[in-house]
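Enquirer: Got a predicted structure here, sequence first:
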Amino acid sequence: MLRSAGSSYMPGHHVMADRASGLSRTTCILLMLMVWLSVGRAQGWTPEAYPNPQTQPALCGRPNTYRNSSWICDPDGILTRWQADELDEYLESVRWETPCPCDVCDGVADGYNIAVALLRSMTVTDKSHNVSYRAQNFANYLRTTTWDYGSCDEGVVILISQKDRRVSLSQQFSCYHSNRDGPGRIIAETQFYG
């Protein structure tokens, strides 16, 4: 190794520099991978890709529920397990304790079905619409397409998008006006925050 005039030479210095630069490369690669993974999740959810808590509880962050299904989908882990369990119990009790809104009822857990979708953010696929519009369409899609629970439109979906700062609700008109002490109250209070 050649030394320039006035420089000090340390034996093995080039080896330490190579190790340091190797460590830097590894660190950079790991950091880039972490950023890439976080950007992938930061893009958010589309309604079509969002899981169903009744048929895919594990994908909704609700594995090992006592019913093997849930009324809550929280794939991003916004709630603690305890919070989700408490909310799930309440939503199940609403289904059992509210009167049947259908013309024909079987008499067993035939009240309102209220499901909650929690997500960090929504994917922006169409920038021509504002966040409130996208949140409402997301909730409507879940209720009418992939989460169509019930037999006479007694389903309600509450969507909470954390980073978008939106709470949106999808329900049939009959759900809003019936039972002001149960789902009607929840719906009215939720719409205030939308």
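Expert: That came through, no problem. Numbers count the residues shown, from 1 in each chain.
Enquirer: And the helices in the protein, which stretches?
Expert: Remark: helices assigned in the chain by DSSP state H are 13-42, 81-97, 131-141, 173-177, 183-193.
Enquirer: any idea which of those helices scores lowest on pLDDT?
Expert: With a mean of 43, helix 13-42 has the lowest mean pLDDT of those.
Enquirer: neighbours around the residue nearest to Leu59 when sequence neighbours are not counted, how many?
Expert: Among residues not flanking Leu59 along the chain, Pro51 sits closest, at 3.8 Å (C-beta to C-beta, 6 or more residues apart in numbering). Where C-beta positions appear, they are placed from N, C-alpha and C, glycine not excepted. Here the count is done by other C-beta atoms under 10 Å, and Pro51 has 20 residues near it.
Enquirer: how far away is Thr144 from Lys127?
Expert: Between Thr144 and Lys127 the computed distance is 24 Å (C-beta to C-beta, to the nearest Å).
Enquirer: Equivalent analysis for Glu92, please.
Expert: Distance of Glu92 to Lys127, given as C-beta to C-beta: 39 Å.
Enquirer: for Thr65, same thing?
Expert: Thr65 is 37 Å from Lys127, where distance means C-beta to C-beta.
Enquirer: If you count surrounding residues, which of these two has more?
Expert: Neighbour totals were compared for Thr65 and Lys127, and Thr65 leads with 18 against 7 (other C-beta under 10 Å).
Enquirer: shouldn't the more buried one be in contact with Leu87?
Expert: No - counting by C-beta atoms under 8 Å, Thr65 stays clear of Leu87, with 11.8 Å between them.
Enquirer: Would you mind listing the residues in contact with the residue nearest to Leu59?
Expert: Counting by C-beta atoms under 8 Å, 6 or more residues apart in numbering, Pro51 makes contact with Leu59, Cys60, Cys73, Pro75.
Enquirer: next one: Ser70
Expert: For Ser70, the contact set (C-beta under 8 Å, 6+ apart) comprises Pro53, Gln54, Pro57, Cys60, Arg62, Ala84, Asp88.
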